[in-house]
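here you go, sequence then predicted model.
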Amino acid sequence: MSKIDHKKELAFLYKASAKEVREVSVPELNYLMVDGAGDPNTTPAYAEAVEALFSVSYTAKFALKKSSAAVDYAVMPLEGLWWADDLSAFTREDRTQWRWTMMIMQPSMVTQEVIHDAIEAVRRKKNLPALSKLRLEAFNEGRCAQLLHIGPFTEEGPNIQRVHDFIEARSKLSGKHHEIYLSDIRRADPRKWKTILRQPME
């Protein structure tokens, strides 16, 4: 059985420095995605989206492990794209106006057929509300800047500003604010949460 370590192969994307903002070139990758809106702390749709993403991702992983392909890999971390129609919603911390796309990167062998079968398998066991909203889609961010934030999400502000300052000294901001969640927030101390802050740039 072959094993694939995407965190190792894509270490330049999933291991960021906490000391300095660095520029990266993000290639086109496939993601299982679901869109939503509202405060992630209080909106049921957010928790439903995350549950569906992980349930289908793990089901696809185990299906490929048992298939003739006989390939094994670790499910990648949760990621999120964040924006608001009125950008001041972020500075005002008006989370009710936030919009988001939650997603998990998928290996190239995870095809539309694999995802379809995984969704149906999950649906037979537990018909999660967000299953019908899932999609597998290629996403190409290209030129970006990123920094590792250590601590609660509520303290990201200064580090987000560091990323923006880095970009504005060289180019212009482009695209949506991107976060990669490296810690299991259900178990880890919030002071030790690790989140990669990524921002596309022109």
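Looks like it arrived, so ask away. Numbering: from 1, shown residues only.

make it CA atoms for all contacts and neighbour counts henceforth
Will do.

neighbours of residue 148, how many?
By other Cα atoms under 10 Å, 25 other residues sit near residue 148.

off-centre distance for stretch 70-89?
With Cα atoms, centre = their mean, to the nearest Å as the basis, stretch 70-89 stands 2 Å off its chain's centre.

contacting residues around it?
For stretch 70-89, the external contacting residues (Cα atoms under 8 Å, 6 or more residues apart in numbering) are 1-7, 50, 57-58, 61-62, 64-65, 90, 95, 97-106, 176-182.

apply 6 Å and report the result again.
Where contact means Cα atoms under 6 Å, 6 or more residues apart in numbering, the residues beyond stretch 70-89 that reach it are 1-4, 65, 98-104, 176-181.

buried subset of these?
Buried subset of the contacts of stretch 70-89 (neighbour count, 16 or more other Cα atoms under 10 Å): 65, 98-104, 176-181.

distance to residue 131 added to those, as JSON lines?
Converted to JSON lines, those look like this (distance: Cα to Cα, whole Å):
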{"residue": "65", "distance to residue 131": "22"}
{"residue": "98", "distance to residue 131": "21"}
{"residue": "99", "distance to residue 131": "19"}
{"residue": "100", "distance to residue 131": "16"}
{"residue": "101", "distance to residue 131": "14"}
{"residue": "102", "distance to residue 131": "13"}
{"residue": "103", "distance to residue 131": "13"}
{"residue": "104", "distance to residue 131": "14"}
{"residue": "176", "distance to residue 131": "24"}
{"residue": "177", "distance to residue 131": "25"}
{"residue": "178", "distance to residue 131": "23"}
{"residue": "179", "distance to residue 131": "22"}
{"residue": "180", "distance to residue 131": "22"}
{"residue": "181", "distance to residue 131": "21"}
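
among those, which lie within helices?
Secondary structure defined by DSSP state H assigns residue 65 of the buried ones among the contacts of stretch 70-89 to helices.

lowest-confidence entry in the buried ones among the contacts of stretch 70-89?
Of all the buried ones among the contacts of stretch 70-89, residue 98 carries the smallest pLDDT score, 87.

which residues touch that residue?
Residues in contact with residue 98 (Cα under 6 Å, 6+ apart) are 37, 38, 84.
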